[in-house]
Each structure stands twice: as structure tokens, then as C-alpha cells.
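> Next one to model:
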Amino acid sequence: MASIGNGRCWIQERLLSGSGSGSGRGSGVFPIPRGRPSATILPRKSTSLSFSSSFQLQGFPVDMKQRSSFVQALAVRRFVGSLAKTQGLRFAVVVARFNEIVTKQLLEGALDAFSKYSVNEEDIDVVWVPGCFEIGIVAERLGKSQKYHAILCIGAVIRGDTSHYDAVANSAASGVLSAGLNSGVPCIFGVLTCDDMDQALNRAGGKSGNKGAECALTAIEMASLFEHHLK
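Residues are numbered from 1 along each chain as shown. Just a heads-up that it's a prediction; the model follows:
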């Protein structure tokens, strides 16, 4: 039989043979030899797990169902450039003289948009270059001068009978991109790439709007983002 007391369990040997001195062989019970230390079984402490449907966050109980979205809302920060915070921002506009009948209207649209969003005239510098191919290197130089918060690049490439169009359009796009990456100043791509002159004029104040004005708003937003959030 087994008796339990004081946290210990002693197994008492009991021989089924009546003499109590037999080896117990053949009895169906394997006796514990005398003099052998008794087995000790340590008591287990009961462990209880408690789950709560709410947890404490800075002293306020929050339901577990709302925990994920609540914590996520606290962790995520969103930065957006503002079109209203233009005070102190300076801009440069690089304009290609080639296809001036188009680029001049794009420039006027950009300057009008800057004015509507309270950018002072003295905070805008306009730089003319021969063509779209030359925009990139000038934009990069202006960006590295650290005088401007954004550079707006304006031009117009119109498809002709040769592959010259593809070379100029691709070079203009990669040049503006490289200027921004190398200078660390946002350089906005405002170069039209059109199949004919009608398409270009429609996008320079015609029925398709003025892409110069649209790019000016992009320049303001990017300048604000860099100045107020990413410095």
C-alpha cells in the first residue's frame, strides 16, 4: 500500500506470501529490495493560466479585439507635403527654349500656380536652356547649390520622322531623375512627350489643361515634404 505524508511518498513492500521473508518470485509482484532508498516524489505546484479579454495601456483598459488596430494606429506615422505651407520655400524652373511656343505656355501655367498658392515671385528663379537634353545637368547644378527646395523642369519633345525623338525623350527623363538623386533636391519632370504639336498645345493650356501648373503643385508638395518632414 502507499501512504502520503509531508510531501513524501513511501512505498511499503508487501509480500503476497504469508511468511513476509520470501523473495516474492512467482508471486506476480516484484518486491523492492530492503535497504534500498525509497523513491521520493516532489509535489507539483499547480499552475493556473489566466487570460483576460482586456489589457492595460497607460492605465486605460483596452479591449483585446481593438488591440491590433489601436496599437497599429499608435505606431504608424504618415507624412504628407502641404500645398498651404509655402512660406520660405524657394523654387527654380528650368525651361527648354526648343518648342518655345509650347514651353512658354507651360512656364506661364507654372508661375500662375505658384502665385495662387502664395509662393512669392522673389522666391522663384527661371533658367532657360537650349533644349530638353540640357535640362538635367542644369537642374543638378541648381539642386547642389542648396538654394532651392525643388526644381521644376519644363520642356516639350514632339515626335518626328526619325528616332531622334526617342533619344531626347529618354535622355531628358533620365537626366531629371539623376539630377534629383545626385543633388538630394526634388526635381520635377515637366517635359511633354507628344506625337504632334496639337497634343502638346492641348496640354499647355488647351483642353487637356496645363501640365506646367500641375507640375508646379507637385514641386510645392515635394518641397514641403522635404522641408517639414524629411530634413
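> which stretches of the protein form strands?
Applying DSSP state E to the chain gives strands spanning 2-5, 8-11, 54-57, 60-63, 91-96, 124-129, 150-158, 187-194, 204-206, 209-210.
> Mean pLDDT lowest where, among those?
Per-stretch mean pLDDT for those is lowest at strand 8-11 (a mean of 45).
> Can you give me every residue that contacts residue 192?
By Cβ atoms under 8 Å, 6 or more residues apart in numbering, the contact set of residue 192 is 102, 106, 155-157, 199-200, 203-204, 211. All C-beta spots, glycine's among them, are computed from the backbone N, C-alpha and C.
> ok, 6 Å please
Contact analysis of residue 192 by Cβ atoms under 6 Å, 6 or more residues apart in numbering lists 156, 200, 203.
> Please report the distance of the second one from residue 220.
Summarising the geometry, the distance separating residue 200 from residue 220, computed by Cβ to Cβ, to the nearest Å, is 24 Å.
> Residue 96 now?
From residue 96 across to residue 220, the span is 22 Å (Cβ to Cβ).
> Of residue 200 and residue 220, give the one with the bigger neighbour count.
Neighbour count, other Cβ atoms under 10 Å: between residue 200 and residue 220, residue 220 has more, with 27 against 24.
> Does that one touch residue 84 like I think?
No: Residue 220 sits out of contact with residue 84 when judged by Cβ atoms under 6 Å, with a separation of 9.3 Å.
> so what's residue 196 closest to, chain neighbours aside?
Residue nearest to residue 196 in three dimensions, not counting chain neighbours: residue 158, with 6.5 Å by Cβ to Cβ, 6 or more residues apart in numbering.
> any chance you could map the helices in the chain?
Counting by DSSP state H, the chain has helices at residues 64-75, 100-116, 135-144, 164-183, 197-202, 211-228.
> With residue 122 as the reference, name the closest of those helices.
Of all the helices of the chain, helix 100-116 sits nearest to residue 122, with 11.5 Å by Cβ to Cβ.
> Residue 99: neighbour count?
Per other Cβ under 10 Å, the neighbour tally for residue 99 reads 20.
> before we move on, what about residue 80?
10.
> Which residue is the nearest non-sequential neighbour of it?
Leaving aside its chain neighbours, residue 80 sits nearest to residue 225 (7.0 Å; criterion: Cβ to Cβ, 6+ apart).
> ok, now how distant is that neighbour from residue 134?
The gap separating residue 225 from residue 134 is 28 Å, by Cβ to Cβ.
> Equivalent analysis for residue 128, please.
Look at residue 128 and residue 134: by Cβ to Cβ, they are 10 Å apart.
> Looking at the two, which is more packed in?
Taking neighbours as other Cβ under 10 Å, residue 128 and residue 134 compare with residue 134 leading, 19 against 15.
> From residue 195, how far off is that one?
According to Cβ to Cβ, residue 134 stands 23 Å off from residue 195.
> Check residue 145 too.
In this view, residue 145 and residue 195 are 36 Å apart by Cβ to Cβ.
> before we move on, what about residue 120?
To residue 195, residue 120 is 38 Å away according to Cβ to Cβ.
> got a list of contacts for stretch 176-188?
Taking Cβ under 6 Å, 6+ apart as the rule, stretch 176-188 contacts 136, 139-140, 143-144, 150-153, 189, 215, 218-219, 222.
> Got the phi and psi for residue 131?
Note on residue 131: its backbone torsions stand at phi -150, psi -180 [degrees, to the nearest 10].
> and which of the contacts of residue 192 is nearest to residue 112?
Checking those against residue 112 with Cβ to Cβ, the nearest one is residue 203 at 15.3 Å.
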